[in-house]
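Enquirer: Fold the stuff below for me.
(2 chains)
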Amino acid sequence: MPIGGFVINVDPERIEESLVRLKGLAGVEIHGSDSKGNVVAVLESATSEDMEKMVKDIMKIETVFSVGLTYFHAEDEVEKKEYRKK
Amino acid sequence: MGLSRREFIKRTAALTAASYVGMNLPFTNEKTVHAADADSWHKGTCRLCGSGCRLELGVKNGRAVALRGIPESRTNKGYLCMKGMLFYKLMGNNHPERLKKPLYRARKDQPFKEISWDEALDIAAKEFAKAVKKYGNDSVAYYGSGQALTEETYIFQKVMRGGLQTNNVEGNPRLCMASAVGGYITSFGADEPIGSYTNFERASCFFIIGSNTAEAHPVLFRRIMRRKLDNRDRVKVINADPRVSPTSRIADLHLQFEPGTDLALLNAMAYVILEDKLYDEDFINNYAVFRMGKEKKQVDFKKYKEFIKDYTPEKAARTCGGNITPEKIRKAAHWFAKSEGTMSLWTMGINQRKRGVWANNLIHNLHILTGQLCKPGADSFSLTGQPNACGGVREGGGLCHILPAHRLVKKDKLRHEVERLWGIPEGRIPPKPGYHTVAMFEAVNQGKIKAIWINCTSPAQSLPNCDKYRKGMKREDVFMVVTDIFPTKTTELANLILPTAFIFEKTGVYGCTERRSQLTAKAVDAPGEAKPEVWMVREWALRLAKELKDPVIKKCVEPFLGKEPDYELPKAIWDEYTQKLTKGRDNDLRGATYEVLEKLPDGVQWPAPTKEWALKGGTDIKFVRGLDPLADKHAKNELPFQFYGPAHPDRKLWIWLRPQKGPEEMPDSQYPFYLSTGRIIDHWHTSSMTGRIKELMRANPYAYVEINPKDAEKLGIKPGDMVEVVSRRGRNVLPAKVYVGPCEGMVFVYWHDQDEDRMINRVTKDAFDPGSKEPEFKICACRIKKVSGPKPLTPFLVQLKA
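Expert: Numbering: from 1, shown residues only, chains lettered A, B, ... in the order given. Just a heads-up that it's a prediction; the model follows:
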């Protein structure tokens, strides 16, 4: 199960509203936000494909300007693939 | 306290993200004892655009398992995009479809057979030698890539020019940034931008024209967006584009002009700058001259004023159509001229034009007129599409008319200098430039080129009007070697496919958009028998020397004999290139040794003549005394800026008189629409890599045609309908996306699809800029028609026919 650390940039004038929307998405953990509209989030998903979908869903929120990845871990997925191959 | 491993990784993810924005979280991972999230972390550069984002690859048990950005990096400040997030999936044994063995067939209608490297290199050498002996040196060619490492481009072109005595050395940057090269050289006297990404945080006005930065350079766009959001009232963003794109989201002003009217718009902005006296007279007097025509005739300011009289905002608004009004042009010109620092940004929308060089000149004109150069936030900055188009191809000698370190082939002195530095006889490199890209594949069509090595690119899909050029590549009397990591539309036409190592599976340098060279060292093994290109070229050259009984060919690779290929060999090549070839040139990289590059989180911006200077990161802004060591060295007077570029002996910036010129092909009654082409965030170019990442492929499984809702209504086209896009050259059938993106009368198609029905370069036109020879991918005429309702489609990728 991949895990990603993200800084999501939201409209600084609509932070609260953005946080409500973000918290409503499954697999999104919000760890903090600041007055500039930076939101620190951890995304967890079953596959990296699901994670990409989550990122797209976040991008669809109109108060979100960008979703920046800072850390991505997918060892389980790589190992699973190796296991399947064997 | 106990913490599961998973919780540990999640905390690491949160802490990493929080550290980027200086946020404190109520926990740390310091005291937890757990297996680390990776065995080792390896610094390198993302490969999937020209931004040069730095990251660390996490390796566990020899496999790539994790990625994290490098926050200290001056390119991306640690941020990555989705393409960057997933590209580790292509590495090592992570991907089952990687090419792993050399494959050969004598005839192109036969299936491929696996062969050994010895056999493969023997065949490649024999075929090239045969062509040279029978048809002469110019019957062989190399077609490379802005994705090849600098070491690779450098050694390929050395063997071709010094060894095989031909300048038939080209690369796909001809297709994306040759016009930017032409623009920089003719306006500023030197290739590549004056400033750096640091201007993103200093600019007060962004003028983004012909670039969908949000999708094509998302991490750089983040910096622009941050700057705008943190300074909403002070910072203005102007987006000029015939298409509304995600980049327009943050724009204060969107100038939607009809395709091919950009030159009129830019001249009209200059008109306003003159009329309203917004120009910087001192800057012009000190640093600029006015020029016109092929003969570069110098004229005076009065003549320029007369020329620009024809571009009143009222007249230009009529020419430009779209949403352009005289008021918008005036507003844009005022914001541009009056801001504390204006940064222009563009990519293919400006470069891939019949008059791409002129369009570049006219952007530079605005900066010269207003003195928006060489000061914080002021820059005329061309963004690059590929990770090493600048470093490898522009600087390393990867185009038919240039030798390493910005030397022109046709200049005897510079050519002989290179021969001397290589220790080969004078006269060995022919004085005539080779074929530029379109001409090279035309020569393949005509059977003039008998053997060609295509490295790390897929011209069968990426050339405009590609069916025309695939005919030549299919010829049985043209021997084709193709090096790549996956099967592509071009490997389908090869005789010999050589599997290469991918980034992080080999060592070398990429030079990104902002003159910055960055090293990526090997971190994981390449799959199967895939090898680094530098090894292939060295071994091939030794065989060529024997076949042609020519010791000079061997001499070209002599300094590299016996070197281990994963690190020592590329290092020796980099050393030769930087220490010998760049010495005393404007891209002096002598300070940027592997040792220095390894010490830095990112890399070094040239000029960097010494290690001391390189260790500070190199030169942030060129031409400024006190900031650029070469500006001090070459100073001829007391002025703060010294434009010492090699192409302008008068040491001046040139303001050009360039009239409006439309595209080569205009819509008419038969083909009434403009067709434009471009990228989508999930895919890159021909999707030879991004298509192999299933997450990215499923997110955007096929290309579609974007149609303005008003046009769709007129033609009875609904979202998802299958639509035929036909030009004088070819036809595609794609699903429709009805969308207020393109302006009325224009459709837009994505580039990435490998399916024959959805490969848009079968439709585009191969007209090219007479100066830069860059094709006009962005504009041609087409007609569209609904052929059916929505149909289920399947994604397509080339599979190997073995």
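
Enquirer: part of a helix, is B:Val59?
Expert: No - assessed with DSSP: H, G, I helix; E, B strand; the rest coil, B:Val59 is strand; it does not lie in a helix.

Enquirer: What residues does it make contact with?
Expert: B:Ala38, B:Asp39, B:Ser40, B:Trp41, B:His42, B:Val65, B:Ala523, B:Val524 (Cβ atoms under 8 Å, 6 or more residues apart in numbering or on different chains). Yep, even glycine has a C-beta here, placed from its N, CA and C like the rest.

Enquirer: how about 7 Å then?
Expert: B:Ala38, B:Asp39, B:Ser40, B:His42, B:Val65, B:Ala523, B:Val524 (Cβ atoms under 7 Å, 6 or more residues apart in numbering or on different chains).

Enquirer: Repeat that for B:Ala781.
Expert: Counting by Cβ under 7 Å, 6+ apart, B:Ala781 has contacts B:Glu665, B:Met666, B:Pro667, B:Asp668, B:Tyr671, B:Phe673, B:Tyr674, B:Ser727.

Enquirer: Now, of the residues you listed, which are buried?
Expert: B:Glu665, B:Pro667, B:Tyr671, B:Phe673, B:Tyr674, B:Ser727 (16 or more other Cβ atoms under 10 Å in any protein chain shown).

Enquirer: so which helix or strand takes in the closest residue in space to B:Val272 that isn't next to it in sequence?
Expert: Counting by Cβ to Cβ, 6 or more residues apart in numbering or on different chains, B:Ala333 is the residue found nearest to B:Val272 once chain neighbours are left out, at 3.6 Å. Per DSSP states H and E, B:Ala333 falls inside helix B:326-338.

Enquirer: Could you tell me how many residues sit around B:Asn323?
Expert: For B:Asn323, the count of nearby residues is 13 (other Cβ atoms under 10 Å in any protein chain shown).

Enquirer: How much space separates it from chain A?
Expert: 22 Å (Cβ to the nearest Cβ, to the nearest Å).

Enquirer: OK, contacts around that residue?
Expert: B:Gln256.

Enquirer: What residues does chain A have near chain B?
Expert: A:3-7, A:9, A:12, A:31-32, A:34, A:36-38, A:40, A:42, A:44, A:48-49, A:52, A:55-56, A:65-66, A:68-75, A:78 (Cβ under 7 Å from any Cβ of the partner chain).

Enquirer: Just the buried residues of these.
Expert: So, by 16+ other Cβ under 10 Å, the buried ones in the residues of chain A next to chain B are A:3-7, A:9, A:12, A:31-32, A:37-38, A:40, A:42, A:44, A:48-49, A:52, A:55, A:65-66, A:68-75, A:78.

Enquirer: So what's the predicted local confidence for B:Ala451?
Expert: We have a pLDDT of 98 for B:Ala451.

Enquirer: all strands of chain A, in order?
Expert: A:3-10, A:28-33, A:38-44, A:64-73 (DSSP state E).

Enquirer: still on that earlier bit, please identify which of the contacts of B:Ala781 is nearest to chain A.
Expert: B:Tyr674 (28.4 Å; Cβ to the nearest Cβ).

Enquirer: if we can go back for a sec, weakest of the strands of chain A in terms of mean pLDDT?
Expert: strand A:64-73 (a mean of 85).

Enquirer: can you tell me if stretch B:527-541 touches chain A.
Expert: No - legend: contact between stretch B:527-541 and chain A by Cβ under 7 Å from any Cβ is lacking; minimum distance shown is 12.3 Å.

Enquirer: Could you check stretch B:115-134 and say which residues are buried?
Expert: Here stretch B:115-134 shows B:115, B:117, B:120-125, B:127-132 as buried, counting by 16+ other Cβ under 10 Å.

Enquirer: on that earlier part again, so which of the buried ones among the contacts of B:Ala781 belong to strands?
Expert: Using DSSP E, those in strands are B:Phe673, B:Tyr674.

Enquirer: which one of the buried ones among the contacts of B:Ala781 sits closest to B:Lys89?
Expert: B:Ser727 (35.9 Å; Cβ to Cβ).

Enquirer: Okay, that closest one and B:Lys354: tell me how far apart.
Expert: Separation of B:Ser727 from B:Lys354 (Cβ to Cβ, to the nearest Å) stands at 15 Å.

Enquirer: OK, now which residue of the stretch 551-700 of chain B is nearest to chain A?
Expert: Nearest residue of the stretch 551-700 of chain B to chain A: B:Glu695, at 4.1 Å (Cβ to the nearest Cβ).

Enquirer: What is the three-state secondary structure of that residue?
Expert: Going by three-state DSSP: B:Glu695 is helix.

Enquirer: just B:Glu119 next, same as before
Expert: Per three-state DSSP, B:Glu119 ends up helix.

Enquirer: Torsion angles phi and psi at whichever residue of chain B sits closest to chain A?
Expert: As assessed by Cβ to the nearest Cβ, chain A sits closest to B:Ala13 within chain B, at 3.2 Å. The phi/psi pair for B:Ala13 (degrees, to the nearest 10) reads phi -60, psi -50.

Enquirer: Give me the buried subset of the contacts of B:Val59.
Expert: Buried among the contacts of B:Val59 by 16+ other Cβ under 10 Å: B:Ala38, B:His42, B:Val65, B:Ala523, B:Val524.

Enquirer: coming back round to it: need the worst-confidence member of the contacts of B:Val59.
Expert: B:Ala38 (83).

Enquirer: That one contacts B:Leu67, correct?
Expert: No - the criterion here is Cβ atoms under 7 Å, and B:Ala38 misses it with B:Leu67 at 9.7 Å.

Enquirer: before we move on, which element is B:Gln518 in?
Expert: strand B:516-520.

Enquirer: Distance from the longest helix anywhere in chain A to the middle of the chain?
Expert: Identified as the longest helix of chain A according to DSSP state H is helix A:48-60. Helix A:48-60 has its C-alpha centroid displaced from the chain centroid by 7 Å (Cα atoms, centre = their mean, to the nearest Å).

Enquirer: Please apply the same query to stretch B:612-631.
Expert: 24 Å.

Enquirer: And it, end to end?
Expert: Stretch B:612-631 stretches 17 Å from its first residue to its last (Cα to Cα, to the nearest Å).
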